[in-house]
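*Asks:* Need coordinates for the following:
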Amino acid sequence: MRILKLVPKYCRVDYAAQWRLRRIYAMDDKNELLRRLPKMDGLLELALADGRFAGWPRGAVADGLRSCLEEARQDILTGKAPDLGGEALLGRALALLKEQEALSQRPVINATGVLLHTNLGRSLLAPEAVEAAMAVAGGYSTLEFDCQSGKRGDRYLHVESLLRELLGVEAALVVNNNAAAVMLTLSSLAKGREVIVSRGELVEIGGAFRVPEVMEQSGCILREVGATNKTHPSDYERAIGENTAALLKVHTSNYRIVGFTGEVTIAELAALGREKGLPLLYDLGSGAMLPLSPYGIQNEPTVQEGLAAGVDVLCFSGDKLLGGPQAGILVGKARYIEPMKKHPLLRALRVDKMTLAALEATLRLYRRPEEALSRIPLYRMLAQPVDVLEARAVRLLALLPGIAADVVESEAQIGAGSVPNETIPSRAVRLRPQGLGPEEICRRLLQRTEPVAARIHKDSVLLDMRTVQEEALERLAAAIVACTGEQAL
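*Replies:* Got it, this is the predicted structure:
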């Protein structure tokens with residue numbers, strides 16, 4: 001302060017005044033730019049006279065122009081200087097219209113390493129299943145038509161005979177997903193009565209849907225037994241009463257409880273059910289019909305194992321470990337499944353011709369397990385050796401000249417709520433461009449016409465080769481170059 005007193009008053013700098021002046025000038029600049037924004041009427045007149053906008057409704061063109069004007073206004077207010085020329089705004093509006101014209105659901109390159117990614121559509125279908133769905137999609141089919149009698153047929157026969165053959169069951173039925181299969185089972189067999197289930201099996205499935213809520217909607221009464229971590233056969237036995245309709249076993253496919261735990265086996269529950277005259281219902285969910293142990297995944301039960309243990313009705317998904325389309329599949333004893341075929345709820349839950357065609361083609365592959373393993377994409381991806389994945393990563397790296405990237409070890413997983421905590425060794429390309437954060441890279445990749453879904457691990461972007469198809473390598477490389485080109489070394 002003493003030094004400041006020695007400086008002549010007229011030489012001192014009033015920083016507060018300077019800041020106020022800069023703010024005034026900045027606001028003046030912004031106001032000037034805002035005044036220069038073209039009027040909506042004039043822009044619309046230009047657009048309607050421009051042949052590039054021919055074919056679009058007047059309202060859609062107007063909405064596009066309003067969006068562009070609002071975007072430019074926000075840019076000005078945040079300190080940017082957008083191009084306010086009429087041609088620039090028309091070009092942006094045209095681009096918006098074309099973006100809106102594109103289909104919302106479109107193919108994605110899955111580089112996450114999650115084989116059954118629920119948000120990306122879960123199972124990839126075998127070529128035979130794709131062809132079968134396409135064959136009936138564009139024309140008429142024998143969905144509910146018996147060509148032998150010339151009369152109405154049964155849509156479920158297309159897959160029921162295959163399921164009976166493959167699994168040795170008396171009856172089968174297909175609905176639109178596994179939650180629907182559980183709801184139909186409970187509504188048909190236990191409405192207004194009690195169903196006994198362990199507290200440790202009251203799981204929450206995708207989208208915040210919970211087993212207790214599904215049971216409530218079916219009209220049955222939930223009777224919880226045991227504790228979260230331990231349930232004993234005696235817990236079930238004590239809970240059985242005059243109003244008991246069934247015993248329910250739920251495979252906790254999307255989580256594991258470890259430590260001081262215990263659960264009642266399917267065989268023990270089946271024996272208790274037979275003794276008490278009650279059906280055992282099993283919500284398997286994941287639905288593997290082939291063992292996963294060859295791929296290093298242990299303790300994942302198969303449909304066949306559940307049936308062999310004495311289950312009366314078993315429900316599982318078509319689009320998880322089965323490798324087919326979205327569906328809920330019910331198999332088991334005819335005296336329990338036949339009433340479901342006449343239940344009013346079935347009409348609301350039934351599957352369409354494309355689902356049935358794809359499911360039939362998928363199930364036919366299981367007649368020869370070696371064919372299912374080689375044709376169903378899930379099992380092909382599981383079977384890929386690490387050295388093959390590394391070679392694929394090296395090929396991708398060669399397509400990225402000048403971009404900071406390398407090949408690293410990675411861990412893939414099955415996903416879709418199946419086999420939690422189990423990972424599969426993999427290889428990935430790691431992107432590390434300077435000056436561009438991993439979140440921004442992922443954002444840019446997702447904004448592509450063909451989006452690329454990657455994952456962030458330890459502040460780097462990983463592109464896992466176990467879920468990247470060989471034929472997608474060049475397209476993936478082009479997307480990476482386009483999204484990180486400004487940051488190339």
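*Asks:* Specify the local secondary structure of the nearest residue to residue 94 once chain neighbours are set aside.
*Replies:* In this structure, residue 94 finds its nearest non-sequential neighbour in residue 52, 5.7 Å apart by C-beta to C-beta, 6 or more residues apart in numbering. Glycine gets a C-beta too; all of them are placed from N, C-alpha and C. Following DSSP: H, G, I helix; E, B strand; the rest coil, we place residue 52 in the helix state.
*Asks:* tally of neighbours for residue 52?
*Replies:* Other residues lying near residue 52 total 12 when counted by other C-beta atoms under 10 Å.
*Asks:* So what touches stretch 53-73?
*Replies:* With C-beta atoms under 8 Å, 6 or more residues apart in numbering as the test, stretch 53-73 has contacts from 34, 37-38, 40, 43-44, 47-48, 82, 84, 89-90, 92-94, 96-97, 100.
*Asks:* where does the chain dip in pLDDT?
*Replies:* For the chain, the stretches flagged by pLDDT under 70 are 1-28, 203-210, 253-261, 420-421, 486-489.
*Asks:* domains of it?
*Replies:* 15-101, 109-117+381-487, 127-375 (automatic domain parsing).
*Asks:* Now intersect the contacts of stretch 53-73 with the helices, please.
*Replies:* Of the positions in those, 34, 40, 43-44, 47-48, 89-90, 92-94, 96-97, 100 sit in helices, assigned by DSSP state H.
*Asks:* Now render those as TSV, adding neighbour count and distance to residue 403.
*Replies:* Shown next, in TSV, are these (neighbours: other C-beta atoms under 10 Å; distance: C-beta to C-beta, whole Å):
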residue	neighbour count	distance to residue 403
34	13	40
40	12	43
43	22	40
44	19	43
47	22	39
48	13	44
89	23	34
90	21	35
92	19	29
93	27	33
94	19	31
96	18	30
97	21	33
100	13	32
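*Asks:* Could you pull out the strands in the stretch 251-400 of the chain for me?
*Replies:* Ranges of strands in the stretch 251-400 of the chain, per DSSP state E, counting those that start in this stretch, are 280-285, 313-317, 328-332.
*Asks:* Enumerate every residue touching residue 440.
*Replies:* Residue 440 makes no contacts at all, as judged by C-beta under 8 Å, 6+ apart.
*Asks:* my guess is it is in a strand, correct?
*Replies:* No: assigned with three-state DSSP, residue 440 falls outside any strand and is helix.
*Asks:* and the gap between it and residue 140?
*Replies:* Distance, residue 440 to residue 140, by C-beta to C-beta, to the nearest Å: 50 Å.
*Asks:* Tell me how many other residues crowd residue 375.
*Replies:* Around residue 375 there are 19 residues (other C-beta under 10 Å).
*Asks:* Just give the closest residue to it, not the sequence neighbours.
*Replies:* Distances taken as C-beta to C-beta, 6+ apart place residue 126 nearest to residue 375, at 4.6 Å, with adjacent residues excluded.
*Asks:* how much space between that neighbour and residue 396?
*Replies:* Distance, residue 126 to residue 396, using C-beta to C-beta: 25 Å.
*Asks:* sorry, back to before: the residue nearest to residue 375 against residue 325, yeah?
*Replies:* No: with contacts counted by C-beta atoms under 8 Å, residue 126 stays clear of residue 325, the gap being 10.5 Å.
*Asks:* what about the helices in the stretch 251-400 of the chain?
*Replies:* For the stretch 251-400 of the chain, applying DSSP state H, counting those that start in this stretch gives helices covering 266-276, 303-308, 334-341, 345-349, 353-365, 369-375, 377-383, 386-398.
*Asks:* So which of these is the most surrounded?
*Replies:* Each of the helices of the stretch 251-400 of the chain was scored by mean neighbour count; the highest is helix 353-365, a mean of 23, by mean count of other C-beta atoms under 10 Å.
*Asks:* which helices and strands sit right next to that one?
*Replies:* Applying 3 or more C-beta pairs under 8 Å, 6 or more residues apart in numbering; DSSP states H and E, one finds that helix 353-365 contacts helix 127-137, helix 157-167, strand 171-175, helix 369-375.
*Asks:* So which of the ones you listed is nearest residue 474?
*Replies:* Nearest to residue 474 among the helices and strands packed on helix 353-365 is helix 127-137 (21.0 Å), distances taken as C-beta to C-beta.
*Asks:* now that closest one against helix 353-365, angle please.
*Replies:* 150 degrees (axes from the mean of the first three to the mean of the last three C-alpha atoms, to 10 degrees).
*Asks:* Report all helices and strands that helix 127-137 contacts.
*Replies:* Counting contacts by 3+ C-beta pairs under 8 Å, 6+ apart, helix 127-137 packs against helix 353-365.
*Asks:* Which residues does the helix it packs on contact?
*Replies:* Helix 353-365 is contacted from outside by 125-126, 128-133, 135-137, 141, 143, 155-156, 158-159, 162-163, 166, 174, 176, 318, 322-327, 351, 371-372, 375-376, using C-beta under 8 Å, 6+ apart.
*Asks:* Pull out the buried residues from stretch 213-232.
*Replies:* By neighbour count with 16 or more other C-beta atoms under 10 Å, stretch 213-232 contains the buried residues 214-215, 218, 220-226, 230-232.
*Asks:* May I see these organised as JSON lines, with secondary structure added?
*Replies:* JSON lines is the format used below for the buried residues of stretch 213-232 (three-state DSSP):
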{"residue": "214", "secondary structure": "helix"}
{"residue": "215", "secondary structure": "helix"}
{"residue": "218", "secondary structure": "helix"}
{"residue": "220", "secondary structure": "coil"}
{"residue": "221", "secondary structure": "strand"}
{"residue": "222", "secondary structure": "strand"}
{"residue": "223", "secondary structure": "strand"}
{"residue": "224", "secondary structure": "strand"}
{"residue": "225", "secondary structure": "strand"}
{"residue": "226", "secondary structure": "coil"}
{"residue": "230", "secondary structure": "strand"}
{"residue": "231", "secondary structure": "coil"}
{"residue": "232", "secondary structure": "coil"}
